[in-house]
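Trainee: need a 3D model of the following:
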Amino acid sequence: MSCTRRIFRDAIEDRGAELARKPRPGRPGKRTEEVTKTILRCLQRGLTLDTAAYVAGVHPDTMRRWRRTDKEFEFLVDQAQHKGYAFVAENGMRLVAKGNASMVRFYLARRVPGFRAKDLEEDLEHDYEELLKELE
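Mentor: Numbers count the residues shown, from 1 in each chain. Presented below is the predicted three-dimensional model:
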């Protein structure tokens, strides 16, 4: 290899290393650890994706893009949503035990894929007092 080519190659490598060390230009991203924790906490309490995004201070489309591009974030969001379903179901069962199943039926029919209100009605044929005791 000629001396000129070697100098040119070394200059290119040095420039690449220099660029790799510099932070990228532009404004910082919105996805911080705090924003992620806020979104996950909201979802664990049964809030919708859109509501969780607004509470965290980001647009819902931004959060959907994060889910699409980051599989780890998507996994965490899915886990939090399932915990949220359980949270709402547990608290909703207290209402059911008191004789009010309409809120639970409404929530689950709109939030849980494949949910059928008929399934809930079949499950509620149990004694309400026993159900309340099990939840305490």
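
Trainee: switch to C-alpha atoms for all contacts and neighbour counts from now on
Mentor: Fine.

Trainee: tell me where this structure has helices.
Mentor: In the chain, the helices defined using DSSP state H lie at 3-21, 33-44, 49-56, 60-69, 71-97, 102-111, 117-123, 128-135.

Trainee: correct me if wrong: residue 40 contacts residue 80.
Mentor: Yes. With contacts defined as CA atoms under 8 Å, residue 40 counts as touching residue 80 at a distance of 5.7 Å.

Trainee: and the pLDDT at the residue lying closest to residue 67 once chain neighbours are set aside?
Mentor: In space, not counting the residues next to it along the chain, residue 67 is nearest to residue 74; the distance is 4.5 Å by CA to CA, 6 or more residues apart in numbering. Reading off the confidence values, residue 74 has pLDDT 93.

Trainee: neighbours of residue 74, how many?
Mentor: Neighbouring residues of residue 74 were enumerated by other CA atoms under 10 Å; the total is 17.

Trainee: got any ranges where the protein has weak pLDDT?
Mentor: For the chain, the stretches with pLDDT under 70 are 1-24, 28, 111, 113, 115-136.

Trainee: more neighbours, residue 40 and residue 80?
Mentor: For residue 40 versus residue 80, the count of surrounding residues by other CA under 10 Å is larger for residue 40: 25 against 20.

Trainee: how about the contacts made by that one?
Mentor: When contacts are counted by CA atoms under 8 Å, 6 or more residues apart in numbering, residue 40 touches 52, 76, 77, 80.

Trainee: CSV for those residues, including distance to residue 100?
Mentor: Listed next are the contacts of residue 40 as CSV, based on distance: CA to CA, whole Å:
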residue, distance to residue 100
52, 27
76, 32
77, 30
80, 26
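
Trainee: show me which pair in those residues is furthest apart.
Mentor: Considering CA to CA, no two members of the contacts of residue 40 lie farther apart than 52 and 76, which are separated by 13.5 Å.

Trainee: pick out whichever of these two has more residues nearby.
Mentor: When neighbours are counted by other CA under 10 Å, residue 52 comes out ahead of the other of residue 52 and residue 76, with 25 against 15.

Trainee: how far away is the more buried one from residue 84?
Mentor: Taking CA to CA, to the nearest Å as the measure, residue 52 and residue 84 are separated by 12 Å.
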